[in-house]
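[1] After the sequence you'll find the predicted model.
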Amino acid sequence: MAMSPEEEEEQVPAENAVKLPQSEAIMEAIIRSSKPLPIGPADDTELCDWKRIDRIILQFSDPLVPWLRCRWLFFLLLELAFAWRIYALERHYFAVYVLAIYVLNQVLLFLSPATEDDHLPARSKSSEYRPFVRALSEFRLWCRGTLATMAAFIVTFIDDLDLDVDGRALLVYFVLLFVYTMKQQIMHMVQYGYVPWNKPKKRVAHEKSEALDV
């Protein structure tokens, strides 16, 4: 039975096969491959380039990081302006309640450790100093609080978003929630022995021990 030319090529021993250089072998594999090459963006179906948006946000936000007092002074003035508008309108109490709950949640993240690995105590079992790493940085706390306050301020100009609620009842609910959450946070700090700030290292005793060793 006669064999086709393709079958005759397959019967050729491996030692007699023509060995191509590495670059030519790679090109031959690419030509024979039926899979498309990964040229262009990884996913063209995305509606927004989130990485580019993040870079733009960082370009505007990074210069504001060193201006700590100015940022929080602006936040305080913004909160006072929002409170004055709510007092003048005597409505939109639900927007105030939602804003207060959101800011409280962000403050709890600011007071909490970043990981649950031993809850990042200020001093480990081996008496080695470990700095407190927050779950939410100070700048992100300011940024989220400012944006949330601006959003709530805009809501006060839309009458359709004014829900008919009892402002005094919402105030009581928030006070109870604030007391409960802060109590839980303080108990958590006492239980795992950490504080939401970094203590300066005590080098006096260490320097004295080094002096005695000399």
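    Thanks, I have the structure now.
[2] Might you list the low-confidence residue ranges for the protein?
    The model of the chain has pLDDT under 70 over residues 1-23, 25-50, 54, 116-130, 198-214.
[3] Swap in 90 and give it another go.
    Across the chain, the ranges flagged by pLDDT under 90 are 1-68, 90-91, 111-140, 143, 159-167, 185-214.
[4] the longest helix in it is where?
    helix 167-192 (DSSP state H).
[5] Which elements pack onto that one?
    Helix 167-192 makes packing contacts with helix 93-111 when contacts are defined by 3 or more C-beta pairs under 8 Å, 6 or more residues apart in numbering; DSSP states H and E. The way it works is simple: take the backbone N, C-alpha and C, and place the C-beta from them, glycine included.
[6] Give me the helices and strands touching the helix it packs on, please.
    Secondary elements touching helix 93-111 (3+ C-beta pairs under 8 Å, 6+ apart): helix 68-89, helix 138-155, helix 167-192.
[7] what's the angle from the first one to helix 93-111?
    Taking axes from the mean of the first three to the mean of the last three C-alpha atoms, to 10 degrees, one finds helix 68-89 and helix 93-111 inclined to each other by 160 degrees.
[8] what's in contact with helix 68-89?
    Residues outside helix 68-89 that contact it (C-beta atoms under 8 Å, 6 or more residues apart in numbering): 64, 92-93, 96, 99, 138-139, 142, 145-146, 149-150, 152-153, 156.
[9] Got a PyMOL select line for the buried ones in those?
    Command for PyMOL, covering only those of the contacts of helix 68-89 found buried under the criterion 16 or more other C-beta atoms under 10 Å:
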select buried, resi 92+93+96+99+142+145+146+149+152+153+156
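[10] Pick out the most distant pair among the contacts of helix 68-89.
    The largest separation in the contacts of helix 68-89, counting by C-beta to C-beta, is between L64 and Y93 at 31.3 Å.
[11] gap between T156 and D162?
    Distance, T156 to D162, using C-beta to C-beta, to the nearest Å: 8 Å.
[12] any residues in contact with both of those two?
    Contacts common to T156 and D162, judged by C-beta under 8 Å, 6+ apart, are H92, A95.
[13] Show the contacting residues for M189.
    V195, P196.
[14] Distance check, it against E79.
    Counting by C-beta to C-beta, the gap from M189 to E79 is 26 Å.
[15] so what's the nearest residue to H92 once chain neighbours are set aside up against?
    By the measure of C-beta to C-beta, 6 or more residues apart in numbering, the closest residue to H92 outside its immediate chain neighbours is T156, 4.8 Å from it. T156 makes contact with F82, R85, I86, L89, H92, A95, according to C-beta under 8 Å, 6+ apart.
[16] Most neighbours among the residues you listed, which one?
    Within those, most neighbours by other C-beta atoms under 10 Å means H92, with 23 neighbours.
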